[in-house]
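A.B. asks: Provide a 3D model corresponding to the input given below.
(4 chains, ligands or ions: 4)
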2 protein chains.
Amino acid sequence: MKSAFESHNHSACADAAMTRATNLAAARGLRLTPVRRRVLEILLERHRALGAYEVLERLAAEGLGKQPPVAYRALEFLVENGLAHRIQRLNAFTACQSVHEDGQAPAFLICRECQTVDELDAADLRDALSTRAGQAGFTVERATIEALGLCATCAGRA
Amino acid sequence: MKSAFESHNHSACADAAMTRATNLAAARGLRLTPVRRRVLEILLERHRALGAYEVLERLAAEGLGKQPPVAYRALEFLVENGLAHRIQRLNAFTACQSVHEDGQAPAFLICRECQTVDELDAADLRDALSTRAGQAGFTVERATIEALGLCATCAGRA
DNA sequence: AATAGGAATGTTATAGCATAACATGAAATC
DNA sequence: GATTTCATGTTATGCTATAACATTCCTATT
Ligand SMILES: [Zn+2]
Ligand SMILES: [Zn+2]
Ligand SMILES: [Zn+2]
Ligand SMILES: [Zn+2]
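C.D. replies: Numbering: from 1, shown residues only, chains lettered A, B, ... in the order given. Ligands and ions are numbered 1, 2, ... in the order given. Prediction:
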């Protein structure tokens, strides 16, 4: 699997993700409505996180809704079902690029130069965090792990 | 060191933090002005994160400033100098309860019930994350690690 | 002590992010 | 085909954050 930072056949990326989404919807009886499907497609266009209002602009241009709740509701649906992730540092959303069986979010690598966002499996990091927290009597329910930095490509240009 | 979730002599906590802040200001030639000092004191009242506008309300009540930039600037100063941290999940700020030599932020444990925020040294987690990211050619500059869950006290009540 | 430069604060205005609440419409269930 | 449930449309508002510029307060230098 190529990283989001490397040049790759991105149509394959996006197609695979859409297929996963369609299958998931069928399997779980979810309704992947036109708005929801379109929002996922928009997020899948690039390995970037989009703000809700950026998504909304796109929807509005296509006549799929002009008010914030339309975008927020679709994004909420996608996030709840693991088809997209919220990037806390950016107040933005990105399409899920893999599968997270346990419903736990991965870690994110965010390039401050090209804005590309990549996922990193974080099971071990989450485990370590849970263990450490547990020693303090704390039960971790959701962990946010986000790294801001420079990808290889952007580092090379500097 | 007691955790923020356990009952403890919190005045000592707050006093120690203010002393550290005063010393740091002296050592680095920082200006811990009345507004900045007061904001730190407000954050130190409890192990909770406060939104900028909550801080602002307090400042306004004391005649120390009524406009958002006053609060944001003081908070920015405190965060830049490691005296406070920003909690991304909450869009809120909390006083630093320890010392982070390398200028790297710790991990945070956030109780969803009592809103208490505690720090956890995260050097090993950050190292692991950096290593994993490095394998993908990514250089981590800043890492955000936040865990939402239940503290022992609140778990006990359920 | 005067003064010039820089740092902090005051102030106005606006931009950006998010949701409550209620109305309407579509689709699954019975 | 009536009922219930889920999704969308719409209005309004609240919360979070910063740009831009004026003013005041320190500090260092003369
Ligand atoms: Zn791709
Ligand atoms: Zn990059
Ligand atoms: Zn304390
Ligand atoms: Zn608690």
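
A.B. asks: how many neighbours does residue A:83 have?
C.D. replies: Per other CB atoms under 10 Å in any protein chain shown, the neighbour tally for residue A:83 reads 24. Bear in mind the C-beta positions are built from the backbone N, C-alpha and C, glycine included.

A.B. asks: my read: it touches residue A:94, true?
C.D. replies: No. The pair residue A:83 / residue A:94 is not scored as a contact, 10.6 Å apart, by CB atoms under 8 Å.

A.B. asks: next, the angle from the longest strand seen in chain A to strand B:139-150.
C.D. replies: Scanning chain A for the longest strand, with DSSP state E as the assignment, gives strand A:139-150. Counting by axes from the mean of the first three to the mean of the last three CA atoms, to 10 degrees, strand A:139-150 lies at 160 degrees to strand B:139-150.

A.B. asks: residue A:152 and residue A:5 touch, don't they?
C.D. replies: Yes. Here residue A:152 reaches residue A:5: they are 6.1 Å apart, a contact under CB under 8 Å.

A.B. asks: quick one: contacts for residue A:103?
C.D. replies: Contacts here follow CB atoms under 8 Å, 6 or more residues apart in numbering or on different chains; on that basis residue A:103 touches residue A:82.

A.B. asks: before we move on, what's the pLDDT of it?
C.D. replies: The score at residue A:103 is 76. That number is its pLDDT.

A.B. asks: what comes up buried for stretch A:36-50?
C.D. replies: Residues A:36-40, A:42-44, A:46-50 are the ones in stretch A:36-50 that count as buried (16 or more other CB atoms under 10 Å in any protein chain shown).

A.B. asks: where do the strands sit along chain A?
C.D. replies: Residue ranges of the strands in chain A, as given by DSSP E, are A:84-87, A:92-95, A:107-111, A:117-120, A:139-150.

A.B. asks: related to what we said a few turns ago, joint contacts of residue A:152 and residue A:5?
C.D. replies: Common neighbours of residue A:152 and residue A:5 (CB under 8 Å, 6+ apart) are B:136-138.

A.B. asks: residues touching the closest residue to residue A:25 other than its chain neighbours, list them.
C.D. replies: Spatial nearest neighbour of residue A:25, chain neighbours left out: residue A:32 (4.1 Å); criterion: CB to CB, 6 or more residues apart in numbering or on different chains. Applying CB under 8 Å, 6+ apart to residue A:32 gives the contacts A:21-22, A:25, A:40.

A.B. asks: any chance of the residues you listed in a markdown table with pLDDT and distance to residue A:98 as columns?
C.D. replies: As requested, the contacts of residue A:32 are arranged in a markdown table below (pLDDT from 0 to 100; distance: CB to CB, whole Å):
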| residue | pLDDT | distance to residue A:98 |
| --- | --- | --- |
| A:21 | 96 | 12 |
| A:22 | 96 | 16 |
| A:25 | 94 | 17 |
| A:40 | 98 | 14 |
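
A.B. asks: now these as a markdown table including distance to ligand 4?
C.D. replies: Compiled in a markdown table, the contacts of residue A:32 are given as follows (distance: CB to the ion, whole Å):
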| residue | distance to ligand 4 |
| --- | --- |
| A:21 | 36 |
| A:22 | 41 |
| A:25 | 37 |
| A:40 | 36 |
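
A.B. asks: nearest to DNA strand C among these?
C.D. replies: residue A:25 (10.8 Å; CB to the nearest atom of the strand).

A.B. asks: tell me, how many residues neighbour the residue nearest to residue A:8 when sequence neighbours are not counted?
C.D. replies: Leaving out its chain neighbours, the residue that sits closest to residue A:8 by CB to CB, 6+ apart is residue A:2, at 4.2 Å. For residue A:2, the count of nearby residues is 13 (other CB under 10 Å).

A.B. asks: can you pull the domain assignment for chain A?
C.D. replies: For chain A, automatic domain parsing gives the domain ranges A:10-95, A:107-157.

A.B. asks: any idea of the pLDDT on the residue nearest to residue A:25?
C.D. replies: 96.

A.B. asks: got phi/psi on it?
C.D. replies: The phi and psi values for residue A:32, taken as degrees, to the nearest 10, are phi -80, psi 80.

A.B. asks: any idea how far residue A:63 is from ligand 2?
C.D. replies: As for residue A:63, its distance to ligand 2 is 34 Å (criterion: CB to the ion, to the nearest Å).

A.B. asks: do you know the pLDDT at the residue lying closest to residue A:148 once chain neighbours are set aside?
C.D. replies: The shortest distance from residue A:148 to any non-neighbouring residue, by CB to CB, 6+ apart, is to residue B:142 (4.6 Å). Listed pLDDT for residue B:142 reads 95.

A.B. asks: before we move on, the earlier item: can I get the contacts of residue A:32 in TSV with distance to residue A:57?
C.D. replies: Listed next are the contacts of residue A:32 as TSV, based on distance: CB to CB, whole Å:
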residue	distance to residue A:57
A:21	22
A:22	25
A:25	25
A:40	16
